[in-house]
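K.L.:
dropping the sequence and predicted coords here.
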Protein chains: 2
Amino acid sequence: MRSLAHPEKGELQLDAVLSALADPIRRQIVGYLAASPGTHACSAFNLPVTKSTSTHHFRVLREAGLIRQDYQGTAILNSLRTEDLDAQFPGLLQAVLKPTNVAPLSPVVDVHDRD
Amino acid sequence: MRSLAHPEKGELQLDAVLSALADPIRRQIVGYLAASPGTHACSAFNLPVTKSTSTHHFRVLREAGLIRQDYQGTAILNSLRTEDLDAQFPGLLQAVLKPTNVAPLSPVVDVHDRD
DNA sequence: TCTATTGTACGATGTATTCCGTACTACGAT
DNA sequence: ATCGTAGTACGGAATACATCGTACAATAGA
C-alpha cells in the first residue's frame, strides 16, 4: 500500500499555508473540499489544468498540511485537514473560504466518488 | 504634493492579499503596523533587506490594498487598512496576525516617528 | 495476463518574484 | 543655493513557480 508524507499538525508553517492558499486553483480545491465534506479523488475537481499540473497543486496542498491524501487503489482520497488547521491557525480557513471569496471557476460536475 | 495609487476598498482581491501576506518580510511589516497603530515611516521597520527591496515590499502591500501610503515631506506615512480589510475579508487579518504566527524577526528598535 | 484508470516523475519553458546596486527625485533644513 | 534624508526607478541576477507533454508505475477488473 503506497502512502504519502504529511507534515504533523504541530509542524504546519503559516508561510507554506498562505503560499498554498494564494493560488486560485488551490483555493478552488480547498473550497470544494470544505463545501463537500468527505473524501474526493483528484479527478473529481474538474480543474482547468492538465493532470500533471493538478498533481503539482495537490502536492503543494499536502506538503503545506492543508489536505490529507490517502491511496485507495489507484485513486487518492483527498480530504481537508480542518481540525489541524483550526488548531494551528484559528479562523484562517473560515476567513479564506467565506462564500464571497470562493471563486466559482468550474461548477464541478459529474462527481461520482463518495466513499 | 506627491501621492500614490491605492485600490478602492471594493476592489481588494483575495489573491493579491494572500500573496502579499505569504511573504515573511511583508508579514513583519503588517504585524508591526497592527501592533503599533498609527503611521510609521518605511525606515522605522528595521527590515533585513536593502532600501530598494524595502520599497518593493511596501509597494506590493499598497497595491494589494493592505496598507495606505501618504507622503509627508520626503517620508511616507504607512498605515494598515484595517477597516477595509475587515470589511472585505472578515477575520483574515486577525487569523494571520495571531501572536503565535507573527515572526519576531527584528525587535524594531530606535523608532522615533509617531505623527 | 491484458487493459483501462489514476496519478507520478521528469524535463522543458515561460513568467514572476526576490533581491541587489547605482543613479536619481523630492523635499526640508541650513 | 547647498546638503542631507527618504524613498523611487531601473536594470540585472538568481531563484521559484505554474504549466505542459511524454513516459511511467500501481492498481482493479475482465
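P.N.:
Nice, thanks for sending it over.

K.L.:
ok, and does the longest helix seen in chain A reach over to chain B?
P.N.:
Secondary structure of chain A per DSSP state H: the longest helix is helix A:51-64. No. If you take C-beta under 8 Å from any C-beta of the partner chain as the test, helix A:51-64 misses chain B, and the best it gets is 10.7 Å. Bear in mind the C-beta positions are built from the backbone N, C-alpha and C, glycine included.

K.L.:
which other helices and strands contact that helix?
P.N.:
helix A:14-21, helix A:24-35, strand A:67-72 (3 or more C-beta pairs under 8 Å, 6 or more residues apart in numbering or on different chains; DSSP states H and E).

K.L.:
could I get those as a markdown table with mean neighbour count and distance to A:Q88?
P.N.:
Shown next, in a markdown table, are the helices and strands packed on helix A:51-64 (neighbours: other C-beta atoms under 10 Å in any protein chain shown; distance: least, C-beta to C-beta, whole Å):
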| stretch | mean neighbour count | distance to A:Q88 |
| --- | --- | --- |
| helix A:14-21 | 21 | 8 |
| helix A:24-35 | 20 | 15 |
| strand A:67-72 | 17 | 14 |
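
K.L.:
so which of the ones you listed comes closest to B:F58?
P.N.:
The closest of the helices and strands packed on helix A:51-64 to B:F58 is helix A:14-21. By C-beta to C-beta, the value is 18.5 Å.

K.L.:
neighbouring contacts of the closest one?
P.N.:
Residues from elsewhere that reach helix A:14-21 (C-beta atoms under 8 Å, 6 or more residues apart in numbering or on different chains): A:26-27, A:30, A:60-61, A:63-66, A:85, A:89, A:92, A:96, B:18, B:21-22, B:24, B:27, B:96, B:101.

K.L.:
any idea how far it is from the chain center?
P.N.:
12 Å (C-alpha atoms, centre = their mean, to the nearest Å).

K.L.:
give the rounded mean pLDDT of it.
P.N.:
In this model, helix A:14-21 carries a mean pLDDT of 98.
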